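# Next one to model:
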Amino acid sequence: MLDIQRLQTMHSTLTRSLLAVVALGGAALATSTHGAAHSAVQARDVVETAEAAGSFETLATALRAAGLVDALRGDGPFTVFAPTDEAFAALPEGALESLLRPENRDDLVTVLTYHVVPGRLDAADVARARGLDTLGGQRLGVATPGGRVVVGDANVVQANVECSNGIVHAIDRVLLPSTGNLVEVAAEAGSFGTLLQAATAAGLPGALAGDGPFTVLAPTDEAFAALPKGTLEALLADPHALGEILKYHVIPGRVFGAEALAAGSARTLQGDAVRFGLEDGMLRAGGARVLANDVQATNGVIHAIDAVLLPPGTGLPALGRKVIGVYTERPSSALAAQLGIDRHQSLLITKLTRGGPAASAGLAVHDVLTSIDGRPATTGNLNRAKEERGVGGSVHLRLVRAGRAVELDVPVGVERH
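Below you'll find the predicted structure:
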């Protein structure tokens, strides 16, 4: 579980630590017109810079406690994002003592490495980046609103403080990485209870809590609930088959949404590849909609999806989402006025799945749904009706077609992945 107090503790340490770099770096900039003084500062690496500051020894202490001194005294280069004094002033007192406790070493490493990016990136390089992969593996987002450079949720307030093996940028907030592994982050989210139950039955939690990194396409509890009746129970009773399905949801390495879309597909632990694409402006993974992407953990990244994916050749044709095969959107105000309907309680059909239940039942593009099983035509009520009727049942639809009222019963099918 993510422990905010412990996280704040770690950041308090890093605060004073990296502030040493900023403070001395400011002195370096001030003496930049004096060649010898500037060269002396330039000759110091990140650790030496902190130690030379005298009154800013926290960074050296934290690096020793985390076992990172030798790494940051290496050739590098490194880019360090250093929170300012004001950024750390808001953190709770006493955090340093907790941070330096041996039992918190892993969290200390996570925090320290989240503020360090491999390579030497000046402010212009940072501004051009789409994201920055830190030493710890987690990614920092970058934005440039109004000409400002924002890393994570922090503004760069002083840039380009040079060290012999890198560069430092001062920021106005402490960056908060995830300190939980994939299993812990999924458990804390509260939306993946069934996935964790299934992973336990298949003997996978130990691997997903290990070093990784892994990318997990995580079906939500609602996605598992949409499986045909008895499917989940049958899978839980067959750990091998369940494990193959779950491994089809795990990709080696960290694959963020943008990279997945650019690549088009990625091979899973199960052996087969999952395809990625865009549909109606939404990222899709193996046909499932990605509801939330790039949820970070210490050992990987999670993409929440709305369906359970089925590996090719598993022989489980019933596995999938309940569908009727329609794509809808709210009708325009003008169309609703023309038809005399409430646009907030109606749905315009924009696309039909070829050969799907809706197309086979006679629905057509441009039909406007006005009632679903006697309820207002909303996306929520459509999903509710599919769940209530189940695969093989029928949803009763009322609609307007070319100005005429029409009623149809549409069977509920299942979408395979």
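
# Pop the domain breakdown of this protein in here.
Here the domain parsing of the chain from automatic domain parsing is 4-171, 182-316, 322-415.

# Run the chain-centre distance for the shortest one.
Averaged C-alpha coordinates place domain 322-415 at 32 Å from its chain's average position (C-alpha atoms, centre = their mean, to the nearest Å).

# Now do that domain, average pLDDT.
In this model, domain 322-415 has an average pLDDT of 91.

# before we move on, back to that, can you put the domains of the chain in CSV and add mean neighbour count?
Every residue, glycine included, has its C-beta placed from N, CA and C. CSV is the format used below for those (neighbours: other C-beta atoms under 10 Å):
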stretch, mean neighbour count
domain 4-171, 19
domain 182-316, 18
domain 322-415, 16
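
# and stretch 235-252, how far from the chain's centre?
A distance of 22 Å separates the centroid of the chain from that of stretch 235-252, by C-alpha atoms, centre = their mean.

# got the end-to-end distance for that stretch?
One end of stretch 235-252 sits 24 Å from the other (C-alpha to C-alpha, to the nearest Å).

# quick one, what contacts residue 105?
65, 66, 67 (C-beta atoms under 8 Å, 6 or more residues apart in numbering).

# And the pLDDT for the second one?
Okay, so that is residue 66. pLDDT recorded at residue 66 is 85.

# Surely it is in contact with residue 107?
No. Residue 66 is not in contact with residue 107 according to C-beta atoms under 8 Å; the separation is 9.5 Å.

# Show the contacting residues for residue 258.
130, 131 are the contacts of residue 258 under C-beta under 8 Å, 6+ apart.

# Just the element for it, please.
If you go by DSSP states H and E, residue 258 is part of helix 257-263.

# Can I get that helix in CSV, CA atoms only?
The C-alpha coordinates for helix 257-263 follow below in CSV (Å, rounded to 0.1, in the frame of the first residue of the first chain):
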residue,chain,number,x,y,z
GLY,A,257,0.4,4.4,-23.9
ALA,A,258,2.2,6.6,-26.5
GLU,A,259,4.8,3.9,-27.2
ALA,A,260,2.2,1.2,-27.4
LEU,A,261,0.2,3.1,-29.9
ALA,A,262,3.3,3.9,-32.0
ALA,A,263,4.4,0.3,-32.0
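
# what about stretch 149-158, average pLDDT?
Mean pLDDT, computed over stretch 149-158, is 92.

# Run through who's touching it.
22, 25-26, 81, 83-84, 87, 123, 126-127, 132, 140-144, 148, 159, 169-176.

# Start and end of it, how far apart?
Terminal residues of stretch 149-158 are spaced 10 Å apart (C-alpha to C-alpha).

# Could you give the separation of it from the chain centroid?
20 Å.

# same check, this time on stretch 157-169
How far stretch 157-169 lies from its chain's middle: 29 Å, per C-alpha atoms, centre = their mean.

# where do the strands sit along the stretch 101-250 of the chain?
Taking DSSP state E, counting those that start in this stretch as the test, the strands found in the stretch 101-250 of the chain are 116-118, 131-133, 139-143, 150-151, 154-163, 166-171, 214-219, 250-252.

# Show me the one of those that comes nearest residue 335.
strand 214-219 (35.4 Å; C-beta to C-beta).

# Which other helices and strands does that closest one contact?
The contact analysis (3 or more C-beta pairs under 8 Å, 6 or more residues apart in numbering; DSSP states H and E) places strand 214-219 against helix 182-189, helix 193-201, strand 250-252, strand 300-305.

# For the stretch 301-417 of the chain, which segments count as helices?
With helices called from DSSP state H, counting those that start in this stretch, the stretch 301-417 of the chain shows them at 333-339, 357-361, 379-389.

# Same list (those helices) but as CSV, adding distance to residue 195.
Formatted as CSV, the helices of the stretch 301-417 of the chain follow (distance: least, C-beta to C-beta, whole Å):
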stretch, distance to residue 195
helix 333-339, 40
helix 357-361, 28
helix 379-389, 19
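
# So for residue 44, which of the ones you listed sits nearest?
Nearest of the helices of the stretch 301-417 of the chain to residue 44, taken as C-beta to C-beta: helix 379-389 at 59.5 Å.

# List the contacts of the closest residue to residue 394 other than its chain neighbours.
Ranked by C-beta to C-beta, 6 or more residues apart in numbering and with sequence neighbours excluded, the top spatial neighbour of residue 394 is residue 409, at 4.3 Å. Taking C-beta under 8 Å, 6+ apart, we find residue 409 in contact with 361, 394, 395, 396, 397.

# just curious, which of the residues you listed is nearest to residue 256?
residue 395 (37.2 Å).

# Please report how far the nearest residue to the closest one once chain neighbours are set aside lies from residue 312.
Leaving aside its sequence neighbours, residue 395 sits nearest to residue 385 (C-beta to C-beta, 6+ apart; 4.6 Å). Residue 385 is 30 Å from residue 312, where distance means C-beta to C-beta, to the nearest Å.

# how much distance is there from the helix holding residue 258 to the middle of the chain?
13 Å.

# So for stretch 288-296, mean pLDDT?
On average, stretch 288-296 scores 95.

# Excluding its own residues, what touches that stretch? List them.
Taking C-beta under 8 Å, 6+ apart as the rule, stretch 288-296 contacts 138-139, 177-178, 185, 189, 217, 219-220, 223, 256-257, 279, 282-284, 301-309, 321, 417.

# try stretch 351-363
With C-beta under 8 Å, 6+ apart as the test, stretch 351-363 has contacts from 323-327, 349, 364-365, 397, 399, 408-413.

# From the residues you listed, which land in strands?
323, 326, 327, 349, 397, 399, 408, 409, 410, 411, 413 (DSSP state E).

# what sits against the residue nearest to the fifth one when sequence neighbours are not counted?
Right, the one you point to is residue 397. Closest residue to residue 397 apart from its sequence neighbours, by C-beta to C-beta, 6+ apart: residue 408 at 5.1 Å. Applying C-beta under 8 Å, 6+ apart to residue 408 gives the contacts 361, 362, 363, 396, 397, 399.
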